[in-house]
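Peer 1: no sequence for this one, just the structure:
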Ligand SMILES: Nc1ncnc2c1ncn2[C@@H]1O[C@H](COP(=O)(O)OP(=O)(O)OP(=O)(O)O)[C@@H](O)[C@H]1O
Ligand SMILES: [Mg+2]
């Protein structure tokens, strides 16, 4: 317990360093664009693949569960959309990206730590925490909501495709379900969640890497810790945000 | 001039540096020598503030560096160049980007001026045709040279080198030693080099400090070192067969 408090304290101290005044805005802009490419665009294929499959699977499952003459078919489309918007495209995508992006960030920064690259930056007079971590945080917080939108769209397309291919329901009903009882606010809710999760993944993973010290084994451990810790914190914040934003 | 005043440093109760006081002179190549694990790297990192000392103080030309805050230290850090034991080049940047980084961050020069300065420094370390390679594509000696180029690109007043020629062949070692020595004289830099290479000591050592198990055991010049009356130092100095022969010849 004391250990957790101590770690939390160090985490917030690091965040303080990360958000102190940047050295030169132009350099930061360049690095943000670079990180968006590396962490954001690089995550599009994975997000797209899992979303299309989940969309299709959810549609199949719903069509089996809701198979009854008394339930209108369009509810299948509705259920798929709600699943994607409310939970899958923000929370589950975030958990998957915690594995991909989180371990990437922790091992990159951890390697920089043990090979003294961070020391080298400090010696130049650079605020290494801000220089390395801030662009990653800004890039992911801006980009992950886009991934969420993409995931919602592709998931819904996946559902449509499976309806069309298997003939399990009339595609027209599916489209009707897509529009049924649509609340734009649920998209806002989803986007807020994914921005918060992006912050959690990036800052916690960077923290794990930044304080790695020792050898390459330690870098491996840091990246495992990053994935585990950010996943748990994501689940906690998923609950908190849902309580605040939806209930 | 850089001065350590009674500095001590321990890690988790284990003392690594014990009450070290020493002065390093401007315009000279100052050498810190000692066995592997004696505390050379920790001493160097304590001097530049990468390790906070437990007690004592470090002075840079009369400024008490240890008392400064992070932001106040920045001004001095811009005058510091450091070459790390492993090079510590940024893996995701090319040779040119690595050397140019300090200019990008701390000067308002135009791109052309910066590139000119980078080319000058790379020529100084005699590294050509590697401009757009990444550190993973370089040999150990090339990495050391890029690290030197990066360390001198801002015209430092203080230069720290942690084993600049470990793991290099004897010829390249001599080239790098002489390079650092020349730069030191030319720009009147305070240079401190960690080494356990007796060749470097005899080649470029002007002031030599011998560290033994975290204590300053001996200091002097390279002319004194062969005649020092100090058992541990003699063991260290005459560990190699060549040095033994040199002593015999001298007698
Ligand atoms: N961050 C650290 N935490 C704990 N102990 C450390 C740390 N850094 C160094 N030490 C210990 O301090 C002692 C001196 O290490 P140092 O790296 O200064 O040796 P060195 O003289 O540079 O050796 P080498 O010639 O092999 O580089 C070693 O016993 C090492 O275990
Ligand atoms: Mg060392």
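Peer 2: That came in fine, so what should we check first? Source: prediction; values computed, not measured. Ligands and ions are numbered 1, 2, ... in the order given.
Peer 1: looking at it, residue B:153 is touching residue B:105, isn't it?
Peer 2: No. Taking contacts as Cβ atoms under 8 Å, residue B:153 lies outside contact range of residue B:105: 11.2 Å. In this view, the C-beta of every residue, glycine as well, is placed from N, C-alpha and C.
Peer 1: Which of these two has more residues huddled nearby?
Peer 2: Neighbours around residue B:153 and residue B:105, counted as other Cβ atoms under 10 Å in any protein chain shown, are more numerous at residue B:153. The numbers are 24 against 17.
Peer 1: Identify the spatial nearest neighbour of that one, chain neighbours not counted.
Peer 2: Leaving aside its sequence neighbours, residue B:153 sits nearest to residue B:121 (Cβ to Cβ, 6 or more residues apart in numbering or on different chains; 5.0 Å).
Peer 1: Please enumerate the helices of chain A.
Peer 2: For chain A, applying DSSP state H gives helices covering A:2-18, A:25-35, A:44-65, A:74-83, A:93-97, A:103-114, A:117-124, A:128-166, A:171-179, A:184-210, A:216-245.
Peer 1: how about those helices, which one is nearest chain B?
Peer 2: helix A:117-124 (4.0 Å; Cβ to the nearest Cβ).
Peer 1: other SSEs contacting that closest one?
Peer 2: The contact analysis (3 or more Cβ pairs under 8 Å, 6 or more residues apart in numbering or on different chains; DSSP states H and E) places helix A:117-124 against helix A:103-114, helix A:128-166, helix B:70-77, strand B:80-83, helix B:95-106.
Peer 1: Lowest average confidence across these, which one?
Peer 2: Among the helices and strands packed on helix A:117-124, helix B:70-77 has the lowest mean pLDDT, at a mean of 86.
Peer 1: Can you report how many residues neighbour the closest residue to ligand 1 within chain A?
Peer 2: Closest to ligand 1 within chain A is residue A:213: 6.5 Å, counting by Cβ to the nearest ligand atom. For residue A:213, the neighbour count with other Cβ under 10 Å is 11.
Peer 1: Now the most centrally placed residue in chain B: phi and psi?
Peer 2: Taking Cα atoms, centre = their mean as the criterion, residue B:161 is the residue nearest the geometric centre of chain B, at 1.7 Å. Backbone geometry at residue B:161, expressed as degrees, to the nearest 10, gives phi -130, psi 120.
Peer 1: Just the pLDDT for it.
Peer 2: Reading off the confidence values, residue B:161 has pLDDT 94.
Peer 1: Over to the one 4 residues further on?
Peer 2: According to the prediction, residue B:165 has pLDDT 85.
Peer 1: ok so, going back, could you dump the helices of chain A into JSON lines and include mean neighbour count and distance to residue B:228?
Peer 2: Formatted as JSON lines, the helices of chain A follow (neighbours: other Cβ atoms under 10 Å in any protein chain shown; distance: least, Cβ to Cβ, whole Å):
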{"stretch": "helix A:2-18", "mean neighbour count": "12", "distance to residue B:228": "46"}
{"stretch": "helix A:25-35", "mean neighbour count": "15", "distance to residue B:228": "50"}
{"stretch": "helix A:44-65", "mean neighbour count": "18", "distance to residue B:228": "64"}
{"stretch": "helix A:74-83", "mean neighbour count": "23", "distance to residue B:228": "79"}
{"stretch": "helix A:93-97", "mean neighbour count": "23", "distance to residue B:228": "62"}
{"stretch": "helix A:103-114", "mean neighbour count": "24", "distance to residue B:228": "37"}
{"stretch": "helix A:117-124", "mean neighbour count": "23", "distance to residue B:228": "33"}
{"stretch": "helix A:128-166", "mean neighbour count": "22", "distance to residue B:228": "41"}
{"stretch": "helix A:171-179", "mean neighbour count": "17", "distance to residue B:228": "87"}
{"stretch": "helix A:184-210", "mean neighbour count": "22", "distance to residue B:228": "44"}
{"stretch": "helix A:216-245", "mean neighbour count": "17", "distance to residue B:228": "40"}
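Peer 1: Could you report the neighbour count for the residue nearest to residue B:76 when sequence neighbours are not counted?
Peer 2: Counting by Cβ to Cβ, 6+ apart, residue B:76 lies nearest to residue B:60, which is 5.6 Å off, once chain neighbours are set aside. Counted with other Cβ under 10 Å, residues neighbouring residue B:60 total 20.
Peer 1: Show me what from chain B comes close to ligand 1.
Peer 2: Residues of chain B lying close to ligand 1 by Cβ under 6 Å from any ligand atom are B:11, B:16, B:34, B:36, B:37, B:38, B:39, B:40, B:41, B:42, B:196.
Peer 1: so what's residue 150 up against?
Peer 2: I went with chain A, as the question did not name one. Residue A:150 is in contact with A:44, A:47, A:48, A:51, counting by Cβ atoms under 8 Å, 6 or more residues apart in numbering or on different chains.
Peer 1: that's the other chain; I wanted chain B
Peer 2: Contacts of residue B:150 by Cβ under 8 Å, 6+ apart are B:81, B:89, B:98, B:99, B:101, B:102, B:121.
Peer 1: any idea how far residue A:123 is from it?
Peer 2: Using Cβ to Cβ, to the nearest Å, one gets 10 Å for the distance from residue B:150 to residue A:123.
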